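Participant: got a structure for you, letters missing:
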């Protein structure tokens with residue numbers, strides 16, 4: 001058997017694992033799968049998209065056995081290959097948690113924290129989004145989230161939003177009350193990404209927060225929610241003292257895509273004209289999105305169109 005054929009064998013055995021189930025998988029099933037993974041690991045100067053896909057296939061084949069031995073093997077692979085590059089590390093850890101237990105979730109979080117590498121920390125949310133087992137999912141949004149430091153809580157919240165699981169909305173609402181500003185911001189962003197319209201009143205409150213970052217995050221989230229009920233609050237935010245908040249509010253009004261927002265947007269464009277090109281651009285983008293018109297930064301032309 002050639003090295004090139006090993007990844008294909010891994011995929012076939014993974015399919016067999018899905019059919020037969022973990023009870024039929026034994027240690028002998030792991031040997032060709034590990035060989036397939038090792039065959040797919042290129043030299044540092046030969047990394048390619050195709051190579052990463054082969055690694056992913058081999059790791060998924062091992063994970064699909066859904067046995068303790070399989071997860072132990074993935075941990076050994078992590079120790080041997082997990083320092084090579086960030087993407088390879090993320091693939092290995094993603095395979096570990098995919099059918100893993102709460103212990104595997106905790107191991108993954110602890111391992112990433114122990115690396116103290118901001119690059120791999122930034123990938124933690126993509127890794128944790130791979131969790132599929134109900135007990136591990138529950139652990140992630142409950143105990144793991146509660147016990148995490150703020151930088152890890154941010155990653156867990158991103159993972160929960162990425163999974164598009166609407167059942168986590170109460171958890172995200174609770175996280176908007178966290179002491180750490182970064183966690184509150186991420187909770188708002190996650191609510192917006194999930195399109196959690198029932199959370200609009202809570203998100204809207206943050207438009208009046210004392211911190212610019214939170215007001216900006218709230219405006220972005222309201223735009224993603226797409227709820228026209230937020231238009232009056234976002235229109236008031238166009239008078240915010242921060243240009244960042246105004247820009248986010250203008251773009252959010254455009255994202256909601258309602259003609260009700262046209263008048264405050266034209267008024268805002270008039271005030272920004274000749275003073276802040278970035279704000280002008282945000283107002284024009286919003287108006288063009290709502291109207292479908294190709295009018296540019298002339299407030300008088302927009303007024304004439306609306307009249």
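Facilitator: Perfect, I can see it now. Just so we're clear, the structure is a prediction, and the values are computed from it rather than from any experiment.
Participant: ok now do residue 133, which residues does it touch?
Facilitator: Contact analysis of residue 133 by C-beta atoms under 8 Å, 6 or more residues apart in numbering lists 99, 100, 101. Backbone N, C-alpha and C define where each C-beta goes, glycine included.
Participant: top of these by neighbour count?
Facilitator: residue 100 (25 neighbours; other C-beta atoms under 10 Å).
Participant: so how far is residue 34 from that residue?
Facilitator: Counting by C-beta to C-beta, to the nearest Å, the separation of residue 100 from residue 34 is 18 Å.
Participant: just the helices in the stretch 1-150 of the chain please.
Facilitator: Counting by DSSP state H, counting those that start in this stretch, one finds helices in the stretch 1-150 of the chain at the ranges 6-20, 27-40, 49-63, 68-81, 86-98, 102-115, 118-121, 124-128, 134-139, 145-147, 150-162.
Participant: so which of those helices gets nearest residue 287?
Facilitator: Closest of those to residue 287 is helix 150-162, at 29.2 Å (criterion: C-beta to C-beta).
Participant: now do the closest one: which elements does it pack against?
Facilitator: Other helices and strands packing on helix 150-162, by 3 or more C-beta pairs under 8 Å, 6 or more residues apart in numbering; DSSP states H and E, are helix 102-115, helix 118-121, helix 124-128, helix 145-147, helix 169-175, helix 181-194.
Participant: so how far is the shortest one from its chain's centroid?
Facilitator: Which is helix 145-147. Mean-position distance between helix 145-147 and its chain equals 18 Å (C-alpha atoms, centre = their mean, to the nearest Å).
Participant: again, but for the third one
Facilitator: Chain-centre distance of helix 124-128: 8 Å, with C-alpha atoms, centre = their mean.
Participant: what sits up against it?
Facilitator: By C-beta under 8 Å, 6+ apart, the list of residues contacting helix 124-128 from outside reads 90, 93-94, 97, 105, 108-109, 112, 140, 152, 155-159, 162.
Participant: 7 Å - rerun?
Facilitator: Residues outside helix 124-128 that contact it (C-beta atoms under 7 Å, 6 or more residues apart in numbering) are 90, 93-94, 97, 108, 112, 140, 152, 155-156, 158-159, 162.
Participant: among those residues, who's most crowded?
Facilitator: Neighbour counts for the contacts of helix 124-128 (other C-beta under 10 Å) peak at residue 93, which has 29 neighbours.
Participant: can you pull the pLDDT of it?
Facilitator: Note on residue 93: pLDDT of 97.
Participant: how confident was the prediction at the residue nearest to it when sequence neighbours are not counted?
Facilitator: Distances taken as C-beta to C-beta, 6 or more residues apart in numbering put residue 127 closest to residue 93, at 4.6 Å, once the chain neighbours are dropped. For residue 127, the pLDDT comes out at 97.
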